[in-house]
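Colleague: my questions concern the predicted model and sequence given below.
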Amino acid sequence: MKQQVVGSGHGSRHSPSPVATRPRVSRPAPPNLVKQAPSPPASAPAPGPKARPRAMAVARRQLAVPASAPEPERRETVEEEVVRLRGEVEALRREVQRLLRLNSDLQQSNKAIVTDPPPRNPPPPPPKKAPAPPPPPPPPPRQQQQQRGSSRISPAPVSQATTLLDTYNSMAKHQRHTQRRSAAAAATSQASIVDELQNRSTHLLAIKADVETKAEFIKDLINKVQTSTFASVDQVLTFVDWLDQQLSTLADETAVLKHFDWPERKADALREAASEYRHIKCLVTDVSSLSDDGSPTSCDATLRKISSLLDRLEKSMNRLVNLRNSVMPTHRELRIPTDWMLDSGIVSKMRLASVNLAKVYMRRVLKELDRDTTGNEDNLVAQSVRFTYRVHQFAGGLDCEAMHKFEELRRRVQPVSSA
């Protein structure tokens, strides 16, 4: 049989009971039990089978004594735990109240920030960061060595790449310092050159002298340019020649005149009209004075010269037409003659000069046909007809002498075509 010890509501502890049929020494009872069952005497004889139920009932009555209340030590531990838990609950409650107060303060400050007007002066922009140096070049790819199907990376390329990056950074830093020094030196040199030109250049000194000493002379030229009137373009040509001669006494015409109120618009218009008239007049003179007086030059050279003169007349005519369409209103506003640009002016002289070219051309071809024995008559006649047609289109017709030469040339064409 086993003995059972029933404890209070806080717990129970079980201990084996001595067997009634076998004598054994009893064990001391646990300290938390008030009563212990008396162990049977060692000298008592073992009961028989009929006495076993009675002995077991007695043992049960002795062991079924209820245990006393929990020991004081256990009660004090539970009370301390309760006190500790109450303190923690109180601390948590105070922390929650503090956080609630802090939340309300933050909400009030946010409302104040929203309702306040924005500041008048915006905050200063953040300072600009210096430009970063150029990034170094990427390191070279790591070389892989394959040995028997397995790849191993050697540490040599890594060290070489580090050395290369250091070298590149040092060279880039040195180059930046060199560029800064060269830029500073260039600025200093430019300033010194400007100072030297302004203070020591004889050309600038001469310009300053003309501005100071010839002011009255230049003002008189300005008055004449503004008030002069011209009856013909020949007077414009004479005036421009005289004005250029007067301005040639200045060290630098453009540099000196920019210090005065020079009538540049009218002066340029006078020079443009005089230059164009002079060019056309010289060309008409050359064409009109051309004659075939039996010079020793060959026929081909003479015909090429006459053709080139006609080309020049055509180009000059086109340029004069464009100039007349663009500058005639300006010339009339500035009181510069424009009659010479009309068809009744220099244009008629150019057309008459072209007719003279046609007569010289045909006269030379007829002479060559009289003494030509090489059988080149067809080519000469064709060239003469084409040139005469160009002159007819340019001049608008031919005079009596030119028509007479053309009839004679046509009589020469009939035998050639019949043959």
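Modeller: All right, it came through fine. Numbering: from 1, shown residues only.

Colleague: quick one, phi/psi of the closest residue to Gly345 other than its chain neighbours?
Modeller: Spatial nearest neighbour of Gly345, chain neighbours left out: Asp339 (5.5 Å); criterion: CB to CB, 6 or more residues apart in numbering. Where you see a C-beta, it was placed from the backbone N, CA and C, and this is true even at glycine. Note on Asp339: its backbone torsions stand at phi -60, psi -30 [degrees, to the nearest 10].

Colleague: now the helices for the stretch 251-400 of the chain?
Modeller: 253-257, 264-288, 299-333, 348-371, 377-395, 400-418 (DSSP state H, counting those that start in this stretch).

Colleague: who are the packing partners of the fourth one?
Modeller: Where contact means 3 or more CB pairs under 8 Å, 6 or more residues apart in numbering; DSSP states H and E, helix 348-371 is packed against helix 264-288, helix 299-333, helix 377-395, helix 400-418.

Colleague: please, where are all the helices along the stretch 101-250 of the chain?
Modeller: So, for the stretch 101-250 of the chain - with DSSP H, counting those that start in this stretch - the helices run 156-200, 202-213, 215-227, 233-247.

Colleague: any idea which of those is most buried?
Modeller: Most buried of the helices of the stretch 101-250 of the chain, by mean neighbour count (mean count of other CB atoms under 10 Å): helix 233-247, with a mean of 15.

Colleague: compute the inter-axis angle for that one and helix 299-333.
Modeller: On the basis of axes from the mean of the first three to the mean of the last three CA atoms, to 10 degrees, helix 233-247 is oriented at 80 degrees to helix 299-333.

Colleague: average pLDDT across helix 233-247?
Modeller: Per-residue pLDDT values across helix 233-247 average out to 94.

Colleague: quick one: contacts of it?
Modeller: 217, 221, 224-225, 228, 230, 253, 257, 267, 270-271, 273-274, 277-278, 336-337, 339-340 (CB atoms under 8 Å, 6 or more residues apart in numbering).

Colleague: same question, stretch 336-343
Modeller: 230-233, 235-236, 266, 269-270, 273, 277, 320, 323-324, 328, 331-332, 345-347.

Colleague: then stretch 383-396?
Modeller: Residues outside stretch 383-396 that contact it (CB under 8 Å, 6+ apart): 303, 306-307, 310, 313-314, 317, 351-352, 354-355, 357-358, 361-362, 365, 398, 402, 406, 409, 413.

Colleague: quick one on the thing from earlier: what about the residue nearest to Gly345, distance to Asp244?
Modeller: According to CB to CB, to the nearest Å, Asp339 stands 24 Å off from Asp244.

Colleague: now swap in Ala402 and tell me
Modeller: Ala402 is 40 Å from Asp244, by CB to CB.

Colleague: what of Glu408?
Modeller: 49 Å.

Colleague: sorry, back to before: among the contacts of helix 233-247, name the buried ones.
Modeller: 221, 225, 230, 257, 267, 270, 273-274, 277, 336-337, 340 (16 or more other CB atoms under 10 Å).

Colleague: please convert the residues you listed to TSV, extending it with distance to Asn169.
Modeller: Below are those laid out as TSV (distance: CB to CB, whole Å):
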residue	distance to Asn169
Leu221	67
Val225	68
Phe230	76
Leu257	58
Ala267	63
Leu270	68
Ala273	69
Ala274	69
Tyr277	72
Ile336	71
Pro337	76
Trp340	76
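
Colleague: can you tell me which of the residues you listed is nearest Ser170?
Modeller: Distance to Ser170 across those (CB to CB) is lowest for Leu257, with 57.7 Å.

Colleague: got the contact list for the closest one?
Modeller: Leu257 neighbours (CB under 8 Å, 6+ apart): 218, 247, 250, 264.

Colleague: taking those residues, tell me the two that lie furthest apart.
Modeller: Farthest pair in these, by CB to CB: Leu250 and Glu264, 14.8 Å.

Colleague: who's more crowded, these two?
Modeller: Leu250 (18 against 12; other CB atoms under 10 Å).

Colleague: now Glu401. Nearest residue, chain neighbours left out?
Modeller: Distances taken as CB to CB, 6+ apart put Lys359 closest to Glu401, at 5.8 Å, once the chain neighbours are dropped.

Colleague: pLDDT score for the one you found?
Modeller: 91.

Colleague: gap between it and Val83?
Modeller: Using CB to CB, we find Lys359 at a distance of 145 Å from Val83.

Colleague: more neighbours: which of these two?
Modeller: More neighbours surround Lys359 than the other of Lys359 and Val83, with 22 against 10 (other CB under 10 Å).

Colleague: that one against Ala402, yeah?
Modeller: Yes - using CB atoms under 8 Å, Lys359 makes contact with Ala402 at a distance of 5.0 Å.

Colleague: in the protein, where is pLDDT below threshold?
Modeller: For the chain, the stretches with pLDDT under 70 are 1-76, 114-161, 192, 194-200, 293-296, 372-375, 413-419.

Colleague: rerun that using 80 as the cut-off
Modeller: Along the chain, the parts satisfying pLDDT under 80 run over 1-76, 112-168, 174, 177, 181-182, 184-201, 291-297, 371-378, 412-419.

Colleague: the closest residue to Leu250 other than its chain neighbours: how many residues sit nearby?
Modeller: Excluding its sequence neighbours, the residue lying closest to Leu250 (CB to CB, 6+ apart) is Val256, at 4.8 Å. The number of residues packed near Val256 is 21, by other CB under 10 Å.

Colleague: swap in Leu303?
Modeller: 19.

Colleague: might one say that it is in contact with Tyr361?
Modeller: Yes - contact criterion CB under 8 Å: Leu303 and Tyr361 qualify, at 6.6 Å.

Colleague: any chance of the contacts of Leu257 in a markdown table with distance to Lys111 as columns?
Modeller: Output for those, formatted as a markdown table (distance: CB to CB, whole Å):
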| residue | distance to Lys111 |
| --- | --- |
| Ile218 | 79 |
| Leu247 | 83 |
| Leu250 | 81 |
| Glu264 | 73 |
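
Colleague: from those, which single one is nearest Ile193?
Modeller: The nearest member of these to Ile193, counting by CB to CB, is Leu250 at 25.1 Å.
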